[in-house]
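> Kindly return the folded structure for what I paste below:
(2 chains)
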2 protein chains.
Amino acid sequence: MKSVTVHTAATLSNLCCGFDILGMALQQPYDIITINETEGTEISIKHLDNYGLTTDPKQNIAGVVLEAMRSYLKSTQGFEIIIEKKIKPGSGIGSSAASAAGVAVAANAILQANFTQQQLVEFAMEGEVLASGSRHADNLAPCIYGGLVLIRDTPSLDIIAIDTPELYITIVHPQIEIKTSYARSILPKELPLKTAITQWANVAGLVTGFMQHDYSLISRSLKDVVAEPVRSPLIPGFNEVRERSMQVGALGGGISGSGPSLFMLSQTAEIASLVEKEMQSIYEKLGVEYKTYVTTIAKHGVRIV
Amino acid sequence: MKSVTVHTAATLSNLCCGFDILGMALQQPYDIITINETEGTEISIKHLDNYGLTTDPKQNIAGVVLEAMRSYLKSTQGFEIIIEKKIKPGSGIGSSAASAAGVAVAANAILQANFTQQQLVEFAMEGEVLASGSRHADNLAPCIYGGLVLIRDTPSLDIIAIDTPELYITIVHPQIEIKTSYARSILPKELPLKTAITQWANVAGLVTGFMQHDYSLISRSLKDVVAEPVRSPLIPGFNEVRERSMQVGALGGGISGSGPSLFMLSQTAEIASLVEKEMQSIYEKLGVEYKTYVTTIAKHGVRIV
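Presented below is the predicted three-dimensional model:
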């Protein structure tokens, strides 16, 4: 009976101006997912964490993705999925995407299916639809491809890997709840043309900054005039985190996905640590439970171990 | 008495999805501008073309730019500006920008002022303001810098040069008049968020395609869901030009600036010539006067000869 274990990591989506189209794979934190072949035809799910996620394979993201792949391949092989989530659900750093992508990659290996990365994103999307009701790939694609990716077109899954310089990412997850559906509902339905132009000028600047390894340009372009103005008030400490992170040398940052996690990019590990200290001090003072991470870009996607 | 002559070329602005933020310098067509030092303190203007542009230095783009620079330098040196325009005013390929940028570069040389390219754009902007009433640099910046440029931020003139692969550009100028002010007035004041996201996904794709020398990605990204839907109906033959250009192998294209010129990008000189033939046949049939050009990207900006 075969068995495959993967590490499947957190991801940053949006990256300020890259709303709905950019995502970045992180080294930390990551979930550990094992798929074991079993006798019979059932899919069963076991959690090694305390997040209380469902073990019903028809309701669980990992179960749904595995079933979609099995069904596509007309396989009736039974499986046990063992999930140890370290990425807290609802944190805004791609927890559901990590489950969906991790299972897709693990199943691809155990079923010897040879799906392309793009096909794996397509299967994993079934899990994202279950989780959020919408087909989006800005966490899934970086989770599977690794690095920084652009999703130029979601329906056709036109996914483009973009080179980056060395970067350090500091994340703080204030332990408050923001429902993705609510964070979506408060977005403006329409944008003034001028605002939209500002956003796409910064997107072009950000992508160029990454590819040219131009830290200053990355810093100047890390602006979001669309989602941040309406979402940042939901996150206590937002302004202070950015201000104080910039003061200690961060390049910039903002809300990860639809929050509540915040991220800051830095050019050196030293600055990323200083940023973490600022974040800690801010949330200690605010009396808000939090968790911080200092990490780097994961060059590769979900890793079979 | 010193004398400087420059060649100052046409430019493509917008490049479909890069509305208001991208511009590209062309090899052809170009204006020839000479500045001669004269006795006295006057600025006089002479035209070697038949476009009937004003020779009043306070109303003429070239005169205004030269006066701005002279005034900044507290110089009272007299000059004669001789302009031979080959870029027809109102064609949508940066005719006014070529005058403004050409004079700025020529004056910088003759006044031995050592202004940076960014400062030259700033001075030349005086001419664009006179011509169109708005401060925009998406023709000026490529005209002065050469190549493909991103104007990330207009107020601070954050101008970034972007690498490109070899490309051939076919332009057709149907000899109809579209006032820039009218072309601006019909733009939507607000965009649905979804439309804006589509535009910035394509901008990111286009910039990435240029930098990665990925012709297919350039082709997939050359889309404009903002200005083209409202402006293209003003230009007879628009749909046919695009359809037939694509059929003979063009990568894509659209309206140059606010029109009426149309541009198509191609990977080879052969395809660019086929595109020209299609354009010619379309406007012959429509009975609309036109002019076509097949050219390449000018790697350098205004050239002192």
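
> ranges for the helices of chain A?
With DSSP state H as the criterion, chain A has helices at A:61-72, A:95-110, A:117-132, A:140-145, A:180-185, A:193-211, A:215-221, A:228-231, A:238-247, A:269-286.

> can you give me the angle the last one makes with helix A:238-247?
Meaning helix A:269-286. Counting by axes from the mean of the first three to the mean of the last three CA atoms, to 10 degrees, helix A:269-286 lies at 150 degrees to helix A:238-247.

> ok now do A:Ser132, which residues does it touch?
By CB atoms under 8 Å, 6 or more residues apart in numbering or on different chains, A:Ser132 lies in contact with A:96, A:180-181. From N, CA and C alone the C-beta is placed, and that goes for glycine too.

> With pLDDT, distance to B:Cys17 and neighbour count as extra columns, can I get those in TSV?
TSV is the format used below for those (pLDDT from 0 to 100; distance: CB to CB, whole Å; neighbours: other CB atoms under 10 Å in any protein chain shown):
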residue	pLDDT	distance to B:Cys17	neighbour count
A:Ser96	94	30	22
A:Thr180	81	28	18
A:Ser181	83	29	11
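
> Now tabulate those residues in CSV and tack on distance to chain B.
What follows is the contacts of A:Ser132, written out as CSV (distance: CB to the nearest CB, whole Å):
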residue, distance to chain B
A:Ser96, 21
A:Thr180, 16
A:Ser181, 16
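
> so A:His7 makes contact with A:Asp31?
Yes: contact between A:His7 and A:Asp31 holds when scored by CB atoms under 8 Å: they sit 7.4 Å apart.

> So these two - more neighbours on which side?
A:Asp31 (24 against 19; other CB atoms under 10 Å in any protein chain shown).

> who touches both of A:His7 and A:Asp31?
The contact sets of A:His7 and A:Asp31 overlap at A:Gly102 (CB under 8 Å, 6+ apart).

> Distance from the chain centre to stretch A:143-152, please.
Computed by CA atoms, centre = their mean, to the nearest Å, the chain-centroid distance of stretch A:143-152 equals 10 Å.

> I'd like the average pLDDT over that stretch.
Mean pLDDT, stretch A:143-152: 98.

> distance between the ends of it?
End-to-end span of stretch A:143-152 (CA to CA, to the nearest Å): 16 Å.

> quick check, it touching chain B?
Yes: counting by CB under 8 Å from any CB of the partner chain, chain B has neighbours in stretch A:143-152: A:150-152.

> Just give the closest residue to A:Leu157, not the sequence neighbours.
Of all residues not flanking A:Leu157 in the chain, A:Gln118 sits nearest, at 5.3 Å (CB to CB, 6 or more residues apart in numbering or on different chains).

> Can you tell me which of the contacts of A:Ser132 comes closest to B:Lys58?
Set against B:Lys58, the nearest of the contacts of A:Ser132 by CB to CB is A:Thr180 (58.3 Å).

> pretty sure that closest one contacts A:Ile255?
No: using CB under 8 Å, A:Thr180 makes no contact with A:Ile255, being 12.0 Å away.

> hey, what's in contact with both of the two?
Contacts common to A:Thr180 and A:Ile255, judged by CB under 8 Å, 6+ apart, are absent.

> so who does whichever residue of the stretch 1-150 of chain A sits closest to chain B touch?
Per CB to the nearest CB, A:Ile21 is where the stretch 1-150 of chain A lies closest to chain B, at 4.4 Å. By CB under 8 Å, 6+ apart, the residues touching A:Ile21 are A:138, A:150-152, A:203, B:197, B:200-201, B:204.

> again, but for A:Phe19
By CB under 8 Å, 6+ apart, the residues touching A:Phe19 are A:199, A:224, A:226-227, B:197, B:200.

> Output those in CSV, with neighbour count and distance to B:Ser219 appended to each entry.
Formatted as CSV, the contacts of A:Phe19 follow (neighbours: other CB atoms under 10 Å in any protein chain shown; distance: CB to CB, whole Å):
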residue, neighbour count, distance to B:Ser219
A:Gln199, 25, 24
A:Asp224, 23, 29
A:Val226, 24, 27
A:Ala227, 25, 30
B:Ile197, 23, 20
B:Trp200, 26, 18
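
> Was I right to think A:Leu191 contacts B:Leu193?
Yes: proximity of A:Leu191 to B:Leu193 meets the contact threshold set by CB under 8 Å, at 6.0 Å.

> Alongside chain B, which residues does chain A contribute?
Counting by CB under 8 Å from any CB, chain A sits next to chain B at A:17-22, A:150-153, A:158, A:160, A:162, A:187-193, A:196-197, A:199-205, A:207-208, A:211-212, A:217, A:220-221, A:226.

> list the contacts for A:Gln77?
Counting by CB under 8 Å, 6+ apart, A:Gln77 has contacts A:37, A:41, A:70, A:111.

> Ok, A:Thr292 next?
By CB under 8 Å, 6+ apart, the contact list for A:Thr292 reads A:170-173, A:276, A:279-280.

> same thing with A:Tyr283?
Contacts for A:Tyr283 were tallied using CB under 8 Å, 6+ apart; they are A:172, A:174, A:237, A:289-290.

> of those, buried ones?
By neighbour count, with 16 or more other CB atoms under 10 Å in any protein chain shown, these hold A:172, A:174, A:237, A:290 as buried.

> For those residues, give me TSV that also has pLDDT.
TSV is the format used below for the buried ones among the contacts of A:Tyr283 (pLDDT from 0 to 100):
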residue	pLDDT
A:Val172	98
A:Pro174	97
A:Gly237	97
A:Tyr290	98
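
> which among these gets closest to A:Ala106?
Relative to A:Ala106, the closest of the buried ones among the contacts of A:Tyr283 is A:Val172; by CB to CB it sits at 29.8 Å.

> Good, wrapping up.
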